[in-house]
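Undergrad: Predicted model and sequence below, questions to follow.
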Amino acid sequence: MNLILHTGDDALESIKDFANRNSIDGASFHAIGAFREATVAYWNWDTKQYEHIEIFDQVEVLSMIGNVATSSDGRRLHAHVVLGRRGGATVGGHLIRGIVRPTLEIFFSDAGAKLTRQKDEETGLWLLR
């Protein structure tokens, strides 16, 4: 299964909509393409908070990996990216938001089982169980 996104599409919203429409309860995905803007985050263990890194430049999605799982409040996505900037520098982390330009090519692999996320009391994160 694959999904091709186009300029202006919100990557995570589009993937979640696709998973909902296709009843995907356990899958991994990988993608390549580009964003016109993005937000990635670093998880700070000490504060138990994500530290957002805003990107307002055109970047290449050099690598995007993630999964689709279920939780008590519906399907959840977890994705990490490495983004390439002009000149070859990279930035990466947990994908919070990515607006596509011009395309994002996403390829899904069925996990062969239903994946479930549950909120972890120590961290507040939704972890696979």
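TA: It's in.
Undergrad: so where is this structure shaky, pLDDT-wise?
TA: By pLDDT under 70, the chain contains no weakly predicted segment.
Undergrad: Could you pull out the helices in it for me?
TA: 11-21 (DSSP state H).
Undergrad: for it, which strand is longest?
TA: Using DSSP state E, we find that the single longest strand of the chain is strand 90-110.
Undergrad: what comes up buried for stretch 72-84?
TA: Neighbour counts using 16 or more other C-beta atoms under 10 Å place 75-79, 81-84 of stretch 72-84 among the buried residues. From N, CA and C alone the C-beta is placed, and that goes for glycine too.
Undergrad: from the middle of its chain, how far away would the longest strand of the chain be?
TA: Remark: strand 90-110 is offset 6 Å from the chain centroid, using C-alpha atoms, centre = their mean, to the nearest Å.
Undergrad: Convert the C-alpha atoms of it to PDB, please.
TA: Taking Å, rounded to 0.1, in the frame of the first residue of the first chain, the C-alpha atoms of strand 90-110 are listed here in PDB:
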ATOM      1  CA  THR A  90      20.500  18.000   8.400                       C
ATOM      2  CA  VAL A  91      18.000  18.300  11.200                       C
ATOM      3  CA  GLY A  92      16.000  15.500  12.600                       C
ATOM      4  CA  GLY A  93      13.700  14.300  15.300                       C
ATOM      5  CA  HIS A  94      10.100  13.400  16.200                       C
ATOM      6  CA  LEU A  95       7.800  14.700  13.400                       C
ATOM      7  CA  ILE A  96       5.200  17.100  14.900                       C
ATOM      8  CA  ARG A  97       4.100  18.700  11.600                       C
ATOM      9  CA  GLY A  98       5.200  18.700   7.900                       C
ATOM     10  CA  ILE A  99       3.600  20.600   5.100                       C
ATOM     11  CA  VAL A 100       4.400  18.900   1.700                       C
ATOM     12  CA  ARG A 101       6.000  20.700  -1.300                       C
ATOM     13  CA  PRO A 102       6.000  19.300  -3.900                       C
ATOM     14  CA  THR A 103       5.500  15.600  -3.000                       C
ATOM     15  CA  LEU A 104       5.800  13.000  -0.300                       C
ATOM     16  CA  GLU A 105       5.900   9.300  -1.300                       C
ATOM     17  CA  ILE A 106       4.800   7.100   1.600                       C
ATOM     18  CA  PHE A 107       5.000   3.300   1.600                       C
ATOM     19  CA  PHE A 108       3.200   1.100   4.200                       C
ATOM     20  CA  SER A 109       4.100  -2.400   5.400                       C
ATOM     21  CA  ASP A 110       1.500  -4.400   7.400                       C
END
